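[1] structure, please.
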Amino acid sequence: MISQFCKWLDATPLSQSFQEWGWFVPTVQTVHILCIAVVMTSVGMLAFKLLDISGRNQTLGTMVSDFMPWIWSALTLLLITGTLLTITEPARELLNNAFRAKMVMVIGVAVILRVLQTRLRLDPHYWLKRRSAARAIGATSLLLAVTIVVAGRWIAYI
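    I've put the predicted structure just below:
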């Protein structure tokens, strides 16, 4: 079923146009990679704060309010550029287990970030009272961020 969808999508005029434009894929990939850098750097900084490794001069609430607009904007652009890249080469993405794993992990990170942000909005000291949970979230989000990048690279080789 997914294979048939990929064949159909690949044959659409939109996909054919994207494939023919020599500048399209490198341009979209460049924006995609820059957005990955924004998200991964921001997630890393928040994770290090949650792990109590860095950011001792700022509160977690300040860091979250500083980074979250960047993260959500970059994730939105990643969704757009990722969709464009998938339209260009649907089978390369949609039939690839590394791509599927990456998408599940991206959703996981997004959920973690939403929980982090929501809890802080309701109670600015929420994570200070739950240091073990904060460390677990920091370690999990950091591990997911690194694994997402690795899975993204594996897409080209699987």
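
[2] quick check, G152 in contact with I33.
    No. When contacts are counted by C-beta atoms under 8 Å, G152 is not listed as touching I33 (9.3 Å). C-betas here are computed from N, CA, C, even on glycine.

[3] more crowded one of those two?
    G152 (19 against 12; other C-beta atoms under 10 Å).

[4] any idea which helix or strand carries that one?
    Assigned by DSSP states H and E, G152 falls within helix 131-154.

[5] now swap in W8 and tell me
    With DSSP H and E as the criterion, W8 is inside helix 2-10.

[6] now do that helix: distance to the chain's middle.
    25 Å (C-alpha atoms, centre = their mean, to the nearest Å).

[7] now do stretch 149-158
    14 Å.

[8] buried residues in it?
    Using 16 or more other C-beta atoms under 10 Å as the burial criterion, the residues of stretch 149-158 that qualify are 149, 151-152, 155.

[9] pLDDT averaged over it - what is it?
    What stretch 149-158 shows for mean pLDDT is 89.

[10] give me the residues contacting it.
    36, 40, 92-93, 96-99, 101-102, 105 (C-beta atoms under 8 Å, 6 or more residues apart in numbering).

[11] selection in PyMOL covering whichever of these are buried, please.
    Buried subset of those, written as a PyMOL selection, criterion 16+ other C-beta under 10 Å:
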select buried, resi 36+40+92+93+96+98+99+101+102+105
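
[12] give the other helices and strands that the helix or strand just after the helix holding W8 contacts.
    If you walk from helix 2-10 toward the C-terminus, the next helix or strand you reach (DSSP H and E) is helix 13-20. Helices and strands touching helix 13-20, as assessed by 3 or more C-beta pairs under 8 Å, 6 or more residues apart in numbering; DSSP states H and E, comprise helix 60-88.

[13] report the distance from the helix it packs on to the chain centre.
    7 Å.

[14] got the CA positions of the helix holding G152 in PDB?
    Taking C-alpha atoms only, helix 131-154 is exported to PDB below (Å, rounded to 0.1, in the frame of the first residue of the first chain):
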ATOM      1  CA  ARG A 131      15.200  16.700  40.000                       C
ATOM      2  CA  SER A 132      15.300  13.000  39.200                       C
ATOM      3  CA  ALA A 133      12.500  13.400  36.600                       C
ATOM      4  CA  ALA A 134      14.300  16.500  35.200                       C
ATOM      5  CA  ARG A 135      17.600  14.600  34.800                       C
ATOM      6  CA  ALA A 136      15.700  11.600  33.200                       C
ATOM      7  CA  ILE A 137      14.100  14.000  30.700                       C
ATOM      8  CA  GLY A 138      17.400  15.700  30.000                       C
ATOM      9  CA  ALA A 139      19.200  12.400  29.400                       C
ATOM     10  CA  THR A 140      16.300  11.000  27.300                       C
ATOM     11  CA  SER A 141      16.000  14.200  25.100                       C
ATOM     12  CA  LEU A 142      19.700  14.300  24.600                       C
ATOM     13  CA  LEU A 143      19.900  10.600  23.600                       C
ATOM     14  CA  LEU A 144      16.900  11.100  21.300                       C
ATOM     15  CA  ALA A 145      18.400  14.100  19.600                       C
ATOM     16  CA  VAL A 146      21.700  12.300  18.900                       C
ATOM     17  CA  THR A 147      19.800   9.200  17.700                       C
ATOM     18  CA  ILE A 148      17.600  11.300  15.400                       C
ATOM     19  CA  VAL A 149      20.700  12.700  13.700                       C
ATOM     20  CA  VAL A 150      22.200   9.200  13.300                       C
ATOM     21  CA  ALA A 151      18.900   7.900  11.900                       C
ATOM     22  CA  GLY A 152      18.700  10.800   9.500                       C
ATOM     23  CA  ARG A 153      22.100   9.900   8.100                       C
ATOM     24  CA  TRP A 154      21.200   6.300   7.800                       C
END
